[in-house]
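> make a model of this:
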Amino acid sequence: MSRPRVGRPIACAVSTNADAVLTGELRYRWRVTRWDGAGTDETVSTEETYVPTAADYGKWIVAEAFDDNGCVGGGRMWFSRLPVAYVDVEEGAWPTAAKEEHDAAVRILGNDEFKDQYDNTASIKVRGNSTAGLPKKPYKLKLAKKADLFGLGGGTKNKHWVLLANYYDESLMRDKLAYDFSAFFGLTYMKSTWVDVVFNGQYNGNYLLCQHIRVGEDRVDVFDWEDEMEERGGVAEDLSSVDAATEDVSGGYLFEMSNEYDELSKFVVTSKTIRVATMLNKPEYLYTNPGMMAAAKAIWQDFWDACTSPDGYNASGRHYSELADVDSLVGFFLTMEIFRNNDASYKSRYAYKDRGEPIRFGPVWDFDWGFGSPIIRKNGGGYDLPLYLNQPFVFAS
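Residues are numbered from 1 along each chain as shown. Take a look at the predicted model:
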């Protein structure tokens with residue numbers, strides 16, 4: 001299946017197995033219908049082919065073939081100006097719980113700007129924290145085969161991608177605008193593009209297909225300890241063989257500062273009036289090596305001690321500008337301030353450090369509560385949401 005285009009005919013072809021017998025001459029019917037099946041569902045052609053028009057955008061194009069005994073087959077496709085990702089989960093299962101992983105067939109079709117991108121299998125699971133409990137959920141995709149989707153990797157292929165639901169965001173633009181804007185400050189950022197998503201044959205709305213924050217040449221480009229362990233004949237889940245006393249363990253870290261504090265490897269840094277809950281996004285299993293954990297914690301302790309001192313120097317006489325890249329520090333927090341990201345006060349703050357290099361801040365992430373979000377916290381938990389959020393939400397399976 002390739003994406004239909006305005007002004008170009010698409011054909012309805014029926015293939016049969018050796019035992020199938022068609023009675024009489026085949027007849028065809030083309031219909032155009034809304035995403036939810038409600039409203040206009042008109043027959044637009046009874047020919048073998050149909051030529052889509054611009055009026056068909058944002059609708060299903062449905063083809064059916066009939067013989068004298070009735071309908072013998074059919075199909076439908078979502079017609080969009082945007083690329084369309086079709087995700088068909090095995091046995092029709094619907095990922096609903098965080099970390100509940102399913103295998104799926106994934107086809108990502110292009111549009112007038114992009115060619116078709118992917119047609120293979122992948123695993124899919126719900127991602128996020130608070131957003132994982134929303135009706136329209138974000139997802140993590142792990143492709144069976146590496147791909148540079150839409151050229152976002154600049155030629156570097158990767159298996160790991162995310163579909164951000166933007167449920168809180170009536171504009172659908174907050175995350176992408178903030179990520180792209182941060183690039184003007186020279187920050188490492190996750191590249192993205194909008195796609196329409198069809199889950200198990202049901203249109204599920206607009207998503208932001210985005211690079212997943214992780215260590216990699218086209219993502220956060222630092223020394224990869226997990227790859228190193230595998231090259232040494234070990235496994236990524238065990239870093240205990242690294243001798244922290246003799247090897248360079250000064251970097252190769254992707255940190256997330258978050259009060260959610262839910263990763264496997266984590267520590268808390270305190271200095272004067274601050275308390276920073278810090279997690280190792282990568283290497284995820286750093287806790288298997290206490291010496292490396294101590295080195296990673298010392299990196300942040302030195303930095304925060306310098307930041308919170310009156311003159312910017314810690315007890316070892318090092319200024320915070322020696323310990324962190326100030327341009328990235330300023331660019332990171334300016335992006336958060338300009339886009340009024342409330343989350344920046346307590347979660348989704350990333351930084352990384354390569355071996356022999358200072359701390360660098362970024363990538364920026366998670367602007368669901370940015371831009372003066374209208375989300376109102378209820379007393380006793382939960383949220384009141386405005387009525388004009390993007391539709392549709394997840395259907396019942």
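> any idea how far the closest residue to residue 259 other than its chain neighbours lies from residue 247?
With sequence-adjacent residues excluded and distances taken as CB to CB, 6 or more residues apart in numbering, residue 259 is closest to residue 346, at 4.6 Å. Just so you know, the C-beta spots here come from the backbone N, C-alpha and C atoms, and that holds for glycine as well. Noted for residue 346: a distance of 34 Å to residue 247, by CB to CB, to the nearest Å.
> how about residue 62?
For residue 62, the distance to residue 247 (CB to CB) stands at 61 Å.
> so between these two, which is more surrounded?
Set residue 62 next to residue 247 and count neighbours by other CB atoms under 10 Å: residue 62 wins out with 18 against 13.
> other SSEs contacting the regular element (helix or strand) spanning the more buried one?
Element membership for residue 62 (DSSP states H and E) is strand 59-67. The contact analysis (3 or more CB pairs under 8 Å, 6 or more residues apart in numbering; DSSP states H and E) places strand 59-67 against strand 27-33, strand 70-79.
> that one to strand 27-33, inter-axis angle?
Orientation of strand 59-67 against strand 27-33 (axes from the mean of the first three to the mean of the last three CA atoms, to 10 degrees) gives an angle of 160 degrees.
> shaky segments in the stretch 251-397 of the chain?
Within the stretch 251-397 of the chain, the segments meeting pLDDT under 70 span 372-397.
> returning to what we had before: let's have the helices and strands packed on strand 59-67 in CSV, adding distance to residue 107 and mean neighbour count.
Below are the helices and strands packed on strand 59-67 laid out as CSV (distance: least, CB to CB, whole Å; neighbours: other CB atoms under 10 Å):
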stretch, distance to residue 107, mean neighbour count
strand 27-33, 21, 19
strand 70-79, 10, 16
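> kindly reformat these as TSV and extend each row with mean pLDDT.
Converted to TSV, the helices and strands packed on strand 59-67 look like this (pLDDT from 0 to 100):
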stretch	mean pLDDT
strand 27-33	90
strand 70-79	88
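> can you redo those as TSV with distance to residue 251?
As requested, the helices and strands packed on strand 59-67 are arranged in TSV below (distance: least, CB to CB, whole Å):
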stretch	distance to residue 251
strand 27-33	55
strand 70-79	45
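> partner strands of the strand holding residue 62 and their direction?
strand 27-33 (antiparallel), strand 70-79 (antiparallel) (DSSP bridges).
> please state the offset of it from the chain centre?
33 Å (CA atoms, centre = their mean, to the nearest Å).
> for that strand, list the C-alpha coordinates in CSV.
In CSV, the C-alpha atoms belonging to strand 59-67 read as follows (Å, rounded to 0.1, in the frame of the first residue of the first chain):
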residue,chain,number,x,y,z
LYS,A,59,-11.2,11.1,5.8
TRP,A,60,-11.2,7.4,5.0
ILE,A,61,-11.1,6.3,1.4
VAL,A,62,-12.9,3.0,1.3
ALA,A,63,-12.9,0.6,-1.7
GLU,A,64,-15.2,-2.4,-2.0
ALA,A,65,-15.6,-5.1,-4.8
PHE,A,66,-18.8,-7.1,-5.4
ASP,A,67,-19.8,-10.1,-7.5
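> what average pLDDT does it get?
For strand 59-67, the mean pLDDT works out to 91.
> doesn't residue 178 lie inside a helix?
Yes: under DSSP: H, G, I helix; E, B strand; the rest coil, residue 178 sits within a helix.
> that one and residue 55, how far apart?
34 Å.
> for those two, indicate the residue with more neighbours.
residue 178 (21 against 10).
> so for stretch 214-227, first residue to last residue, what's the gap.
End-to-end distance for stretch 214-227: 13 Å, by CA to CA, to the nearest Å.
> in that stretch, which residues are buried?
214-216, 218-220, 222-226 (16 or more other CB atoms under 10 Å).
> and those, which two are furthest apart?
Within the buried residues of stretch 214-227, two members stand farthest from each other by CB to CB: 218 and 225, at 18.3 Å.
> now stretch 174-189: average pLDDT?
Rounded mean pLDDT across stretch 174-189 is 96.
> using PDB, list the CA coordinates for that stretch.
Only the C-alpha atoms of stretch 174-189 are listed here, as PDB (Å, rounded to 0.1, in the frame of the first residue of the first chain):
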ATOM      1  CA  ARG A 174       4.400  22.900  21.900                       C
ATOM      2  CA  ASP A 175       6.900  20.100  21.900                       C
ATOM      3  CA  LYS A 176       8.100  20.600  18.400                       C
ATOM      4  CA  LEU A 177       8.400  24.400  18.700                       C
ATOM      5  CA  ALA A 178      10.500  24.100  21.900                       C
ATOM      6  CA  TYR A 179      12.700  21.300  20.600                       C
ATOM      7  CA  ASP A 180      13.500  23.100  17.300                       C
ATOM      8  CA  PHE A 181      13.900  26.400  19.100                       C
ATOM      9  CA  SER A 182      16.500  25.000  21.500                       C
ATOM     10  CA  ALA A 183      18.700  24.200  18.400                       C
ATOM     11  CA  PHE A 184      19.200  28.000  18.000                       C
ATOM     12  CA  PHE A 185      21.100  27.900  21.300                       C
ATOM     13  CA  GLY A 186      23.300  25.100  20.000                       C
ATOM     14  CA  LEU A 187      21.700  22.400  22.200                       C
ATOM     15  CA  THR A 188      21.500  18.800  21.300                       C
ATOM     16  CA  TYR A 189      17.800  18.300  20.500                       C
END
